[in-house]
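> Need coordinates for the below:
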Amino acid sequence: MAINVFHIVSDKEWAGAEQYVYDLASELRTHGAYIEIVTRNRRQILNRFRELEVPISILPLKGLTDIESALRFARLIKRGKNIVHVHNAKDAATALLARKISENKNTRVVMTCHTVAKPKRGPIYKRVYREIDKIIFVSELAKATFLESRSGMNPDRITVIHNSVHHKLQNVDKAIDLRLKLNIPADKRLIMFHGRIAPEKGVSVLLRALTQLDKDRYHLVIIGAGETKYMGEIKAFIVANQLLRNVTFLGYQDDVQPLLAQCDFGVLPSVWKEPFGLTNLEYMMLGKAHIATTNGAQHEYVKDGRTGILVSPDNYRSLADAIEHLLDDPERCNSIGAAAKEEFDTRLCYSRFYSHLTSVYRSLF
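Purely as a prediction, here's the structure:
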């Protein structure tokens, strides 16, 4: 694909959008495309993207009033056929201004909407949405929510491409053996949560659900990092409810899939509207059953009772019942995991996502 692809990433923390860019950049590089990451000077973000061994440009990316970033970025897109792929409306504004400054008519701006949210308001954003060449939504829910306030948009300029995740089990032999390290006996089920440890992710709901279960039957491993205050609150809850021997925090892990492969099932009890969870997909890809909530786009890719279990959000009793169901029936748990993997391989695999995404790139020229 003889197109230069620039991904602008301005978030301060590593999250789903950053992983989306990381995987996509890796795949584009594998297929011989020129790919460049444009980001802020944030150590955690830079260190992760440097693993890709692709060009990285550091810009302030301060938002709508940041003329400096637009001027500097315009120099990068002065020539050639360019796709500038952004992941929020502020970066879209920077990209569109840079395109105007560069006077390169062969530059296209694409934005992926990673959240379930209404569009930004104001004359600048109105112009941004009008001038973006393509808006990609990660779910039908994200698209419908956005269009509630932006009805009448040209349907040729919007599309839905469901997320996917890369299979990354190359280092599985080097991964720590969780059962051995944590002294988890064979008759205890290994449950896992991974992602941002934040109120909206429902970690406190999960811990409350565990208080309803027999402590001799499970061990929960939590992978991820969170704000100090919230981490303190949930750790205090663990101590107060005598869960210290049943819950382990592993912290943030770069290479999470070899650890996920060791669990019996995952629990992702989000209490906000998930646009399209990458973490859910990782369990499905690895053939693991998982429990999720019904308050986002989960129903678009999880078939309740077949490829996963869906429960109402912020309901610890329903969540406890679902966990107990999988504890009681390992055969059913394995059956759900196998069906989830088949669904992922058929409809949600990364090659399918990549084909759809690059076809959008090519259609703009």
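
> going forward, measure contacts and count neighbours with C-alpha atoms only.
Noted.

> bridging residues for the residue nearest to H194 when sequence neighbours are not counted?
What sits nearest to H194 in space, not counting adjacent residues and going by C-alpha to C-alpha, 6 or more residues apart in numbering, is I223, at 4.5 Å. Under DSSP bridges, the beta-bridge partners of I223 are H194, G251.

> Could you number the chain from 459 rather than 1 from now on?
Sounds good: first residue 459 from here, last item I681.

> would you list every one of the helices in the chain?
Secondary structure of the chain (DSSP state H): helices at 474-488, 501-508, 525-534, 547-560, 581-589, 598-605, 636-640, 661-668, 686-698, 715-718, 736-743, 774-786, 788-801, 808-821.

> pLDDT score assigned to the residue nearest to H652?
I681 is assigned 97 on the pLDDT scale.

> residues near it, how many?
20 (other C-alpha atoms under 10 Å).

> can I assume it is in contact with Q711?
Yes - between I681 and Q711 there is a contact under C-alpha atoms under 8 Å: 6.9 Å.

> and the chain, what are its domains?
With domains defined by automatic domain parsing, the chain comprises 462-622+808-821, 630-806.

> Give me the distance from the shortest one to the chain's centre.
Using C-alpha atoms, centre = their mean, to the nearest Å, the distance from the centre of domain 462-622+808-821 to the centre of the chain it belongs to is 15 Å.

> Low-confidence stretches in this protein?
Within the chain, the ranges that satisfy pLDDT under 70 run 459, 627-631.

> picking that back up, looking at the helices of the chain, spot the one closest to I541.
helix 808-821 (7.0 Å; C-alpha to C-alpha).

> residues near the closest residue to G521 other than its chain neighbours, how many?
Nearest residue to G521 in three dimensions, chain neighbours excluded: K548, at 5.3 Å (C-alpha to C-alpha, 6+ apart). Taking other C-alpha under 10 Å as the criterion, the count of residues near K548 is 20.

> what do you get for A750?
A750: 27 neighbours (other C-alpha under 10 Å).

> That one is in contact with D762, isn't it?
No - the criterion here is C-alpha under 8 Å, and A750 misses it with D762 at 9.4 Å.

> residues shared between the contacts of these two?
Common neighbours of A750 and D762, using C-alpha atoms under 8 Å, 6 or more residues apart in numbering, are L768.

> Look up how far I582 lies from T523.
T523 sits 11 Å away from I582, going by C-alpha to C-alpha, to the nearest Å.

> cool, A747 as well?
In terms of C-alpha to C-alpha, A747 sits 45 Å off from I582.

> and these two? which has more neighbours close in?
Applying other C-alpha under 10 Å to A747 and I582 shows that A747 carries more neighbours, namely 30 against 14.

> Could you find the closest non-adjacent residue to that one?
Of all residues not flanking A747 in the chain, G795 sits nearest, at 4.1 Å (C-alpha to C-alpha, 6+ apart).

> neighbours around that neighbour, how many?
G795 is flanked by 25 other residues according to other C-alpha under 10 Å.

> Now do the same contact list for it.
741-742, 744-748, 765-766.

> V663 too?
727, 772-774.

> one more time with 10 Å, if that's ok
Applying C-alpha atoms under 10 Å, 6 or more residues apart in numbering to V663 gives the contacts 657, 692, 727-729, 771-775, 777-778.

> ok, now V496?
Each residue near V496 by C-alpha under 10 Å, 6+ apart is listed here: 464-468, 504, 513-519, 531, 542, 544.

> Which residues belonging to stretch 588-595 are considered buried?
By 16 or more other C-alpha atoms under 10 Å, the buried positions in stretch 588-595 come out as 590-595.

> related to what we said a few turns ago, give the residues shared as contacts by T523 and I582.
548, 551.

> Quick check: closest non-adjacent residue to the residue located most distally from the centre of the chain.
What lies farthest from the middle of the chain is E561; by C-alpha atoms, centre = their mean that is 34.2 Å. Nearest residue to E561, sequence neighbours excluded (C-alpha to C-alpha, 6+ apart): K536, at 7.2 Å.

> I'd assumed T565 was in contact with the one you found.
Yes - here K536 reaches T565: they are 8.7 Å apart, a contact under C-alpha atoms under 10 Å.

> Identify the contacts common to those two.
556-557.

> CA atoms only for stretch 577-594 - export them in PDB, please.
Output in PDB follows, covering the C-alpha atoms of stretch 577-594 (Å, rounded to 0.1, in the frame of the first residue of the first chain):
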ATOM      1  CA  PRO A 577     -20.100  14.800  19.400                       C
ATOM      2  CA  LYS A 578     -18.200  17.800  20.700                       C
ATOM      3  CA  ARG A 579     -20.100  21.100  20.400                       C
ATOM      4  CA  GLY A 580     -19.000  24.500  19.000                       C
ATOM      5  CA  PRO A 581     -18.300  26.000  15.600                       C
ATOM      6  CA  ILE A 582     -14.700  24.600  15.400                       C
ATOM      7  CA  TYR A 583     -15.900  21.000  16.100                       C
ATOM      8  CA  LYS A 584     -18.800  21.500  13.600                       C
ATOM      9  CA  ARG A 585     -16.200  22.300  10.900                       C
ATOM     10  CA  VAL A 586     -14.000  19.400  12.000                       C
ATOM     11  CA  TYR A 587     -16.800  16.800  11.600                       C
ATOM     12  CA  ARG A 588     -17.700  18.300   8.300                       C
ATOM     13  CA  GLU A 589     -14.100  18.200   6.900                       C
ATOM     14  CA  ILE A 590     -13.000  14.800   8.200                       C
ATOM     15  CA  ASP A 591     -12.800  12.300   5.300                       C
ATOM     16  CA  LYS A 592     -13.900   9.300   7.200                       C
ATOM     17  CA  ILE A 593     -15.200   8.600  10.700                       C
ATOM     18  CA  ILE A 594     -14.900   5.100  12.000                       C
END
